[in-house]
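**Student:** What follows is a predicted structure for the sequence shown.
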Amino acid sequence: MHGRIRLHYRGADGAREIVVAWTSSGAVVDDGGVRSEVDAVRLPDGRLSLLFADGRQVCGRVVAGRPESLVGRRGAIVRVPLADPRHRAAHTEMEASDASGEEVRALMPGRVVEVQVSEGDTVAAGALLLILEAMKMQNEIRASVAGRVSRLTASAGQAVEKGAHLVSLEVQP
Amino acid sequence: MHGRIRLHYRGADGAREIVVAWTSSGAVVDDGGVRSEVDAVRLPDGRLSLLFADGRQVCGRVVAGRPESLVGRRGAIVRVPLADPRHRAAHTEMEASDASGEEVRALMPGRVVEVQVSEGDTVAAGALLLILEAMKMQNEIRASVAGRVSRLTASAGQAVEKGAHLVSLEVQP
Amino acid sequence: MVKPRLLVANRGEIALRIFRACRDLGIETVAVYSDADRKAPHVAAADRAVRLGPAPAAQSYLSVAAILAAAEKTGATLVHPGYGFLSENAAFARACGEVGLTFVGPPASAIEAMGSKTAARQRMAAAGVPVVPGMSAAAASAAEVERFAGEAGYPILLKASAGGGGKGMRQVDSPGEIASALDRVASEARASFADGSVYAEKLIEKPRHVEVQVIGDSRGHLVAVGERECSIQRRHQKVVEECPSPAVSAELRGRMSEAAVAAAAAVGYSSCGTVEFLLASDGAFYFLEMNTRLQVEHPVTEEVWGVDLAAEMIRVALGEPLSFSDLTPRGHAIECRIYAEDPRRGFAPSPGTISALRLPQGPGIRHDMGVEQGSVVPFDYDPMLGKLIVHAADRPAAVSRLARALEEYEIWGVETTLPLFRRLVEDEDFRAGAFDVQWLDRRLAGGFFPDRPPAPEDVFLAAVGLAAEGMDAPSASREEKASLWRRTARRDSVR
Amino acid sequence: MVKPRLLVANRGEIALRIFRACRDLGIETVAVYSDADRKAPHVAAADRAVRLGPAPAAQSYLSVAAILAAAEKTGATLVHPGYGFLSENAAFARACGEVGLTFVGPPASAIEAMGSKTAARQRMAAAGVPVVPGMSAAAASAAEVERFAGEAGYPILLKASAGGGGKGMRQVDSPGEIASALDRVASEARASFADGSVYAEKLIEKPRHVEVQVIGDSRGHLVAVGERECSIQRRHQKVVEECPSPAVSAELRGRMSEAAVAAAAAVGYSSCGTVEFLLASDGAFYFLEMNTRLQVEHPVTEEVWGVDLAAEMIRVALGEPLSFSDLTPRGHAIECRIYAEDPRRGFAPSPGTISALRLPQGPGIRHDMGVEQGSVVPFDYDPMLGKLIVHAADRPAAVSRLARALEEYEIWGVETTLPLFRRLVEDEDFRAGAFDVQWLDRRLAGGFFPDRPPAPEDVFLAAVGLAAEGMDAPSASREEKASLWRRTARRDSVR
């Protein structure tokens, strides 16, 4: 996967795959078959500046989330329904996501909006486990492996600290 | 030493000891015998706000250095010849400063202005080893233990990266 | 003479605004703060600061005893109330005077006279200031109402004398409607208030809110400094203010200024104050109320009239005469009140931490912010973060400049009203200056924030941003690329 | 008509200033950049951006070929040169015209006419613009010099005709000194330049540098927009500029404006330009040179005269007429050029990274910054970081406001000229407006930055700051205290 990442766009205006690949001179973005080369840099204040081959310059700030990311550009903040299916949401992290299962923890303080599973449930990979609100965004937390909910500490309405355990999955033998 | 720190002031206007002690409600500063209680907080942007018992409020930014610290207050940045004798300058760090000696490394990029020792020299604790310029300040790097200069990698005029080895001292058996 | 030292019994941007005026004048400053505000910018900006009490305003910014104690402790000689909190509290103004503090504001008697809205209305009518025409007693018959309507003009409003809260009110557009409307309002009034008496008032249709700035010194000089257009309101709360009003001609300005000065003079006014009027579409205007303090929106007047109202208010409190007499307006100014509220969710408060703040720069841009990057917006007070004020040669240029400034503006960490202003500058009515006090509520009811799919540029940014984040960690061989994407170049730098 | 799209062949604050004018006017923008500037704010602010070449200006911002190629690539229709770089290069202006680009500036012929300083001087004299009186040919005798001095008035300056660099010059205060001075300068001239011819010029003692802003459209309207006082110079480099000049009365302004318009008209000028004069203490003024571009210090004129010079310059380039005719000045404005230079070390350049930047706010404060927090100041270009402009009702209020703004200002990471401005606002001569073009150099030679011991407040802050740092790590039981001192609350927050 080095140097190439696949993203799924699922907006009201349609669904498609966007592939970003790094080259020595920048990135190549393939948006549903349309390829664009961009020179991309991170500015000192954290914003991105993208420069297209035709000279167009686009500057903005991206706060990655799942299933949406926030993009601030020209003073407006918009939600972009784009997420990396491979990539754990920015607000949670996996511990020991190996053959034996995974543990999901909060990566920043937030609030549990909804819990979709109970202890003992068996879930498929990709199943919605819970929704965590952090940094103004509702983040869908999904299972990265199929398994059984072996431990559930999150409850709806609960405020969680950074690093707080949310749910553990155990791979079914 | 918990909760109390001794600082040496060595300015053109005299030398004295300043002791800062923490209490439950703030800090007590003893400046050459004159005691003041202050409520001190760190503001979101990194500045300090000190509030004295009589209501005086002093706000400024401190960049600790050795033998001077920089203080930015009311738009002016001044050098204050104040340092913690116990405290290694903000720009260098010690490794293994134990019975066997110490290694001094640069904690941020800078430039070696002057080297006062040669390999093989025997130095007393507190002896000036070299002067490192970093962040607009000349920092005197002194020996924290008596010993022999076992390795010297710093040379005058040299630009050093963060973490670069500068000098090693070996405690004389 | 004792060296002046001024305590601001307030917080946020207005405390900073007054402290800046003090520094411009060479006057020492004293802040007061609640437990929610120890790290607030207004405390860090003051020469002295005193804790008032816990976060709730009743125990801090509204505590007269705590504020007077703070003034005594710090040797303050003047007290400025800002706006809100104790600013229109006559007892506070009087209490300051009793302990020898100079209250930076009008005489307590003027605050009191304008504080009672019905009494003020009668006083203004007596002083020849136009008020909304109405019957002075309950109507005895439909004929009496018809007589009033004939004088005042249609439409009129029938109101239950004992009414309130919008109940027992009915618009009447022609003489033929009077009898049945009167019956209906009277019976509604009997049912709701157990009192069937009804009176009539002229209905001002789709009025504008236009207010006149006045300032007077202690030597009897009292002048008007133009008007402000404050019709852009959400549920009676001002959101955007302008100077001058697009609806006010020089001739009308003259008449409104005269009326405002007469209103202020009638209550023995000095210091800064604002006389609010309803402006009808036919150019008639009617006294609404007087705000006996510095207004949130004073900067638009400052920019257009070239005066420093905050400094002038302090100077006249110190007994100095007004520093100006003949002023002429220049250009056009617009102020946006930036609130920590979510315009897409009914303007629900959005307290939190300002994680990033980028302010526009360049010509014609002024900031009066009460927060900075890293500031925590507490639940306890009005959620206004600060104000953006733009100034340009005329209204179209000011609107363009506002649009540009809003494009440069970035606030992260809390929801703000910035998206509302972005919609406004695109709106044809707003651009034309064609609005009244209910206009924004109508716009908001009509769905002012359509859901649009993200622009291709936004999708691109998100894709590259997500990809950059994904690339940072996994590949060690891509260290150079990763460093390109390092989000936190400044983390290593000295703050 | 083709939609206008404007390329700025420049960088830093002036590129941002012009882009803001474009946004105010609804014109699309194109940035160009060198390898040192890919992450510079002016690139991020533009709709399009094109790399010119490596960092050295000769290969980037001075490369006419690269700039024209960038304009072609992006479909730009206008090119604005800013100041410096190619802004007074007639060949560049002409090259733009040849490929169909509108050069935002005067006709190439006007640039050329003013580019040759000696030719310009003669042209101005012919147009009736006062120039420093001087002999038109070498002096044949002491009597001839005496005759000239009798007309022009003492003191005079004897100058080697072939001279330069300050050599072969001598001041003469009375007729009795002429003969011996002439001998000495002639022999010096023979020794230094192998040419003994000497001429005389009137010596303007302690002159001020006062310049007049002019702007003209393509329809022949040419107006002056007041003067600027630019006498605060270090080694002939402007440091602080004001509008109006404390030395210029309304009557003198009128005469200088007339002379400036005559000067510009004599070379067929249009667009923004500045006619620089030496102003003698007796009120006489003399043409120095004309800058055929937008000046660094244009904002002080904008603030006082209520015009947007940058936007007006673009409008007239698009063929529009001047948008104003009758302007009146209001208040006083002061600009400080903030350089990355160390005033305590002979103004040595101080490139580096801006680790912290805090800008003042409130009334009468304008920022035109070319950098932001985290910006790297490259070695390759003029080290100006940006400009602070203050505006108030009169000069004393503007100086007070400047002092206040400087107290709020914080730049860390590089040395800056802020300490110079802080000293200036305390200086009695500066406060009185009593200075000439050599005044600052005299002040600096006299030791302008005395070493004072730190104030007790600074020692206190350092002590608590050091103690806080010392406390952070060692004690686990003091976690709460440590968290109080956490320097980097915002590190964890989203940027």
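**Tutor:** It's in. Numbers count the residues shown, from 1 in each chain, chains lettered A, B, ... in the order given.
**Student:** By mean pLDDT, flag the weakest helix or strand of the chain.
**Tutor:** I'll assume chain A. Counting by mean pLDDT, DSSP states H and E, the weakest-scoring helix or strand in chain A turns out to be strand A:92-98, with a mean of 42.
**Student:** Per-residue pLDDT of the closest residue to chain D within the stretch 151-300 of chain C, please?
**Tutor:** In the stretch 151-300 of chain C, no residue comes nearer to chain D than residue C:299, which is 6.7 Å away by Cβ to the nearest Cβ. Where you see a C-beta, it was placed from the backbone N, CA and C, and this is true even at glycine. Residue C:299 is assigned a predicted lDDT (pLDDT) of 98.
**Student:** can you give me the offset of the helix or strand containing it from its chain's centre?
**Tutor:** Assessed by DSSP states H and E, residue C:299 sits inside helix C:298-305. Distance of helix C:298-305 from its chain centroid, counting by Cα atoms, centre = their mean, to the nearest Å, is 13 Å.
**Student:** after it comes which helix or strand?
**Tutor:** From helix C:298-305, the next helix or strand downstream (DSSP H and E) is helix C:309-317.
**Student:** Tell me what angle that following helix forms with helix C:298-305.
**Tutor:** 90 degrees (axes from the mean of the first three to the mean of the last three Cα atoms, to 10 degrees).
**Student:** Tell me how many other residues surround residue C:446.
**Tutor:** Residue C:446 has 7 neighbours, counted by other Cβ atoms under 10 Å in any protein chain shown.
**Student:** remind me, longest strand of chain C?
**Tutor:** Counting by DSSP state E, the longest strand found in chain C is strand C:222-234.
**Student:** which stretches of chain C aren't confidently modelled?
**Tutor:** For chain C, residues meeting the criterion pLDDT under 70 lie at C:1, C:164-166, C:470-495.
**Student:** could you list every residue that touches residue C:62?
**Tutor:** C:85, C:86 (Cβ atoms under 8 Å, 6 or more residues apart in numbering or on different chains).
**Student:** measure it to chain D for me?
**Tutor:** With the distance defined as Cβ to the nearest Cβ, to the nearest Å, residue C:62 ends up 26 Å from chain D.
**Student:** can you list the weak-confidence ranges in chain A?
**Tutor:** A:1-3, A:24, A:84-101, A:107-108, A:125-126, A:134-140, A:144-145, A:172-173.
**Student:** Can you name the residue of it nearest to chain D?
**Tutor:** As assessed by Cβ to the nearest Cβ, chain D sits closest to residue A:44 within chain A, at 2.5 Å.
**Student:** Setting aside sequence neighbours, what's the nearest residue to that residue?
**Tutor:** Once flanking residues are discounted, residue A:44 sits nearest to residue D:374: 2.5 Å by Cβ to Cβ, 6 or more residues apart in numbering or on different chains.
**Student:** Quick check: the residue of chain A closest to chain D vs residue D:375, distance?
**Tutor:** Computed as Cβ to Cβ, to the nearest Å, the residue A:44 to residue D:375 distance reads 6 Å.
**Student:** Overlap in contacts, these two.
**Tutor:** Counting by Cβ under 8 Å, 6+ apart, the common neighbours of residue A:44 and residue D:375 are residue D:39.
**Student:** So for these two, which residue has more residues nearby?
**Tutor:** The residue with more neighbours, out of residue A:44 and residue D:375, is residue D:375; 23 against 20, by other Cβ under 10 Å.
**Student:** Could I get the phi/psi values of the more buried one?
**Tutor:** phi -70, psi 140 (degrees, to the nearest 10).
**Student:** wait, what's in contact with it?
**Tutor:** Counted by Cβ under 8 Å, 6+ apart, residue D:375 has contacts A:44, D:39, D:40, D:41, D:353, D:354.
**Student:** try it again with 7 Å
**Tutor:** Contact partners of residue D:375, counting by Cβ atoms under 7 Å, 6 or more residues apart in numbering or on different chains, are A:44, D:41, D:354.
**Student:** Looking at these, spot the one nearest chain C.
**Tutor:** Set against chain C, the nearest of the contacts of residue D:375 by Cβ to the nearest Cβ is residue A:44 (5.7 Å).
**Student:** Any idea how far apart the tips of stretch C:355-366 sit?
**Tutor:** Start-to-end span of stretch C:355-366 (Cα to Cα, to the nearest Å) is 22 Å.
**Student:** what's in contact with it?
**Tutor:** With Cβ under 7 Å, 6+ apart as the test, stretch C:355-366 has contacts from C:299, C:303, C:367, C:372-373, C:389-392, C:401, C:405, C:408-413, D:17, D:20, D:299, D:302, D:308, D:363, D:366-369, D:490, D:493-495.
**Student:** Among the residues you listed, which ones are in strands?
**Tutor:** Those of those lying in strands (DSSP E): C:367, C:389, C:390, C:391, C:392, C:410, C:411, C:412, D:366, D:367, D:368, D:369.
**Student:** can I get the residues you listed in a markdown table with neighbour count?
**Tutor:** Formatted as a markdown table, these follow (neighbours: other Cβ atoms under 10 Å in any protein chain shown):
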| residue | neighbour count |
| --- | --- |
| C:367 | 23 |
| C:389 | 25 |
| C:390 | 27 |
| C:391 | 26 |
| C:392 | 23 |
| C:410 | 21 |
| C:411 | 24 |
| C:412 | 24 |
| D:366 | 22 |
| D:367 | 23 |
| D:368 | 22 |
| D:369 | 22 |
